Structure formats: C-alpha cells, structure tokens
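Chemist: Pasted the sequence and its predicted model underneath.
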Amino acid sequence: MKAVTIQGPAPGARQTPAAPRPSGAKTARPASGAVGPASGSVGPASRRSSAPPRGLTSLRFSEHVEYRETPAAPASPRVARSPQLDLTVQPGFATVDDAWFTGGVRFEQGATLQATSREAKYLMKQGQLDLTGVDDRGQLPQVVDEQATIQGRRVVMLPDTRNIQAFEAVQAVFRPAQKRADGTALKTPGLFAQDQPAYATADTLDYDGALSRATFRASGRAKLWQGETTIYGQMIDLDDKTGNLRATGSVVSTMMLEQTDPKTKRKEKTKTIASADRLDYDDASRRAVYTQGVRIDGAQGHLTSDKATLTLAAQTNGLDRLDAAGHVELRDPGTATTGARVVTGETLTYTAPDEKYLVRGHPVKYTDKSYETTCDSLTFWKSVDKIVGDGVERTRTQAKSGRK
C-alpha cells in the first residue's frame, strides 16, 4: 500500500477548477493505494451525461504544490514539486489513477534519484513517470542517479526499478567508476579511463536498472566517447556491472593505446582506428573482438580481415597483442631497407612488446620493395630487417629491384 499526501497552495493562494483532460491523454486503470489528506478545489464535470453521478473524479492544485508518496520499504519516499497538479481519481476519491504536473516539475526519491522537466505525467498503476517539455532554462527532461545523467525530449522512468527510456536528442553522462549506496560496484569499460566521465548521444536509450545495462540506438550512429577514445554504432550496449560493451551496425572505434618504443623505452600513446560490423569488448579478458569487414589502422599497420581481436595489456591501456583471421592482408611502412610491405594469409598474430608478426596460410605471400616470398608460415618484425620463412614451399626473389 502506498501512502500519498498532497499539499496545495500556500495561504491566500488562488485555487482553480480542474480543466478537461487533454485530448489523446492516456487513461490509467485504477491503482490500489491509500490517499491521505489533500487541499485543493474540485472541478465541475467536463461534460454532462445522463449516466448516474460518479462523484468526484478530478482535482486541480495550483501554486506551490508538493506531492509526497511513501512506497513500500525499502524504497525511499518520493517528492514532486510543481506550480500545478491535476489528479484523475476514482469516484469518491477512492484511489488516484494519474497525476499531471505542469509548469516546471522536480521529482526526488531519496538522495540518489532526481528528475526535472516542464511537464510530467505519473501513472500510478504502472508506477511510471513520463517527463516531457523544455523547462524555463531551456533544459530537456532530465534524470540524474548515482551512475549517470540522462536527457532527452521525452524521458520515461519507473522509479521502483530505476528503468529509464529516453527518446530524441538523447544525451548521457556516465560518472567515473564507483560504488552505489547499496555497495554495488559500477564499472566503466576498460577501453576508457576509470577516473573520468564518459559521454553518449543517440536517438533512443533503454536503461535497465536491475541489470545496470544501457542500450543506445540511432538511425545513423550512436556515439560513446571519453576524450579521444570514441565508439560509433547503430546500437551500443553498455554493462555497468561487468564493464562489457557491445556495438553493432557500421561500428567505428578510435582508441588511444599506450606503447613503449623498443629502442628508446619511452611510452607514448598512438591512435588505433578500427571499423567492422560488430564489436564485442569483454572487460574480464580485456579483449575487443571485431567481426565482419574488419579494417584496423594503428601502430601495427593497416590490416583488413574477417575477424580481429585486440587484447589490451593487463596493467595499462596499451595493446598487448592483435589476432586476425580470414582473408588477412597487412600493409605497413616497413623499414628503411624493406620499404613498404604487403603480407597476405589466413591468420596473423602481432605481439606489441616485441613488435613481432606471425602470419600463417596456404600460402602466405610477402612483398616489399626488394623481395617476394611465398610460404606456409612467416615471421618478421616491425623495426628489424629480419624475415624467417618456414613452410613447405618458399621462394625469395629480387625481381623488383633488378639486382643480381
């Protein structure tokens, strides 16, 4: 049972009769609940009918309205404030069906959930708060909780479950990784720094409070970013509990990955841009898996393949290794001796600490400015003039240079 208390205008404030419900407004089914004392005025029926009188069915409260609701434990009390409140009630004020707040609304539940908008409709039976309208400050409807701030032209929230849906011009800010008041740990994907906020834009957002999962969708591309690290996709799914991430549909990611120069031992950040039809990032294994039409440009060169897996280093936001499979082609600048290199095969493994490539296939083909070779397995290094071919058939020529 919910206990509801409504405080009307301050002494001397004007009270007005209830207006007819807006056309097209949804009608909620009766909800169970005890309704406490209220002050306000009773409006006349919006239209006459030959049906027997139904009694009181609507009320309006004007100026300095405060609505309080005490849900079942352990949920915190809820408070909504607005200049005006219209209630639809069952005959005799038995129960409240819905509440319509207008003129600028602020909703609070404990210290961990706040919502603001120009208007809000609270459907009692569904436990649903529907926020619409730009407020006097030009701000879109907004919900703020421990993990994120969410805005959209329309935001629908279920306070009991913390489920949130946002529509049109959706923006979200995710705070740095932290623990909730209940002790639940929240994580940011390892692709991002844990001590900085992350941002997102999309056409729609579905946030599941129980699963701590946010799903962004866009007819073009949704965007998730932090500094220079960005992820685009028609759908981006973010799991706050595990730190996992999934993106599908014209995926493009840009990551600033740390690497150590093998000669100078100096650390520097390099940009890695990857595109594919799908990206799956698993935070426990620190692996980002790209599938279908993969293209990757980074320190390892320009790579195309059917599938590629980037494994991040355990302690740093750097690349540990890259594995590619299916129609692999690598183009890299090579060394001063080799010049640009092109390698094709079925699989490729690049290990960042020693900058070593291992390519396998039937066959592997390698070409640089002076040499060509064909074999089943080929090992070479990014900055070292050394090539090791180990296969059933291997050829090496100098046809391109014309030297004997």
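Modeler: Right, received. Where do you want to start? Residues are numbered from 1 along each chain as shown.

Chemist: Every contact and neighbour count from this point should use C-alpha atoms.
Modeler: Will do.

Chemist: does the residue lying closest to V384 once chain neighbours are set aside sit in a helix, a strand or a coil?
Modeler: Closest residue to V384 apart from its sequence neighbours, by CA to CA, 6 or more residues apart in numbering: T335 at 7.2 Å. Under DSSP: H, G, I helix; E, B strand; the rest coil, the three-state class of T335 is coil.

Chemist: The one 3 residues further on now?
Modeler: Assigned with three-state DSSP, T338 falls in the coil class.

Chemist: ok, how many other residues are close to it?
Modeler: The number of residues packed near T338 is 17, by other CA atoms under 10 Å.

Chemist: List the residues that contact it.
Modeler: The neighbourhood of T338, defined by CA atoms under 8 Å, 6 or more residues apart in numbering, consists of 368-370, 385.

Chemist: Where neighbours are concerned, which of those residues has the most?
Modeler: D368 (22 neighbours).

Chemist: Surely that one touches A340?
Modeler: Yes - between D368 and A340 a contact is recorded at 5.8 Å, counting by CA atoms under 8 Å.

Chemist: partner residues bridging L330?
Modeler: Beta-bridge partners recorded for L330 (DSSP bridges): L303, V343.

Chemist: Residues contacting the helix or strand hosting Y199, please?
Modeler: Using DSSP states H and E, Y199 maps to strand 198-208. The contact list for strand 198-208 (CA under 8 Å, 6+ apart) reads 161-176, 192, 213-219, 221-226.

Chemist: When you filter those residues down to buried only, what's left?
Modeler: Buried residues within the contacts of strand 198-208, counting neighbours by 16 or more other CA atoms under 10 Å: 163-168, 170-176, 192, 213-218, 221-226.

Chemist: Point out the ones among these that are inside strands.
Modeler: Counting by DSSP state E, the buried ones among the contacts of strand 198-208 place 163-168, 170-174, 213-218, 221-226 in strands.

Chemist: Which elements pack onto the helix or strand that contains M255?
Modeler: Here M255, judged by DSSP H and E, is contained in strand 245-260. Counting by 3 or more CA pairs under 8 Å, 6 or more residues apart in numbering; DSSP states H and E, the packing neighbours recorded for strand 245-260 are strand 229-239, strand 267-282, strand 319-332.

Chemist: go again using 6 Å as the cut-off
Modeler: Helices and strands touching strand 245-260, by 3 or more CA pairs under 6 Å, 6 or more residues apart in numbering; DSSP states H and E, are strand 229-239, strand 267-282.

Chemist: Indicate each strand paired with the last one and its parallel or antiparallel sense.
Modeler: It stands for strand 267-282. Taking DSSP bridges as the criterion, strand 267-282 forms sheet pairs with strand 245-260 (antiparallel), strand 287-298 (antiparallel).

Chemist: The shortest one now?
Modeler: When pairing is defined by DSSP bridges, strand 229-239 lines up against strand 213-226 (antiparallel), strand 245-260 (antiparallel).

Chemist: List of residues touching the last one?
Modeler: By CA atoms under 6 Å, 6 or more residues apart in numbering, the list of residues contacting strand 245-260 from outside reads 229-238, 266-281, 317-318.

Chemist: Repeat that for the shortest one.
Modeler: Under the contact criterion CA under 6 Å, 6+ apart, strand 213-226 has outside partners 198-207, 230-240.

Chemist: And it, how far out from the chain middle?
Modeler: 6 Å (CA atoms, centre = their mean, to the nearest Å).

Chemist: quick one: that strand to strand 198-208, angle?
Modeler: Angle between the axes of strand 213-226 and strand 198-208 is 180 degrees (criterion: axes from the mean of the first three to the mean of the last three CA atoms, to 10 degrees).

Chemist: Strand 213-226 - what's its average pLDDT?
Modeler: Strand 213-226 carries an average pLDDT of 96.

Chemist: so it versus strand 163-174, what angle?
Modeler: 20 degrees.

Chemist: do the same with the last one
Modeler: Our comparison of strand 245-260 with strand 163-174, counting by the same axes, to 10 degrees, yields an angle of 20 degrees.

Chemist: Let the chain start at 54 from now.
Modeler: In the new count, where the first residue is 54, that last one comes out as strand 298-313.

Chemist: Buried residues of strand 298-313, list them for me.
Modeler: Buried, per 16+ other CA under 10 Å, within strand 298-313: 298-312.

Chemist: Stretch 251-270 now?
Modeler: 251-262, 265-270.

Chemist: and the helices and strands packed on strand 298-313, which one is worst for confidence?
Modeler: Least confident of those, judged by mean pLDDT, is strand 320-335 with a mean of 93.

Chemist: Alpha carbons only: can I get that one in CSV?
Modeler: The C-alpha coordinates for strand 320-335 follow below in CSV (Å, rounded to 0.1, in the frame of the first residue of the first chain):
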residue,chain,number,x,y,z
LYS,A,320,56.0,5.4,-23.5
GLU,A,321,53.7,7.1,-26.0
LYS,A,322,50.1,7.0,-27.0
THR,A,323,49.2,6.1,-30.5
LYS,A,324,45.8,6.2,-32.3
THR,A,325,44.2,3.0,-33.4
ILE,A,326,41.1,3.2,-35.6
ALA,A,327,39.0,0.1,-36.3
SER,A,328,35.8,-0.4,-38.3
ALA,A,329,33.6,-3.5,-38.5
ASP,A,330,30.0,-4.6,-38.5
ARG,A,331,30.3,-5.6,-34.8
LEU,A,332,32.4,-5.0,-31.7
ASP,A,333,32.3,-7.1,-28.5
TYR,A,334,34.5,-6.0,-25.6
ASP,A,335,34.9,-8.3,-22.6
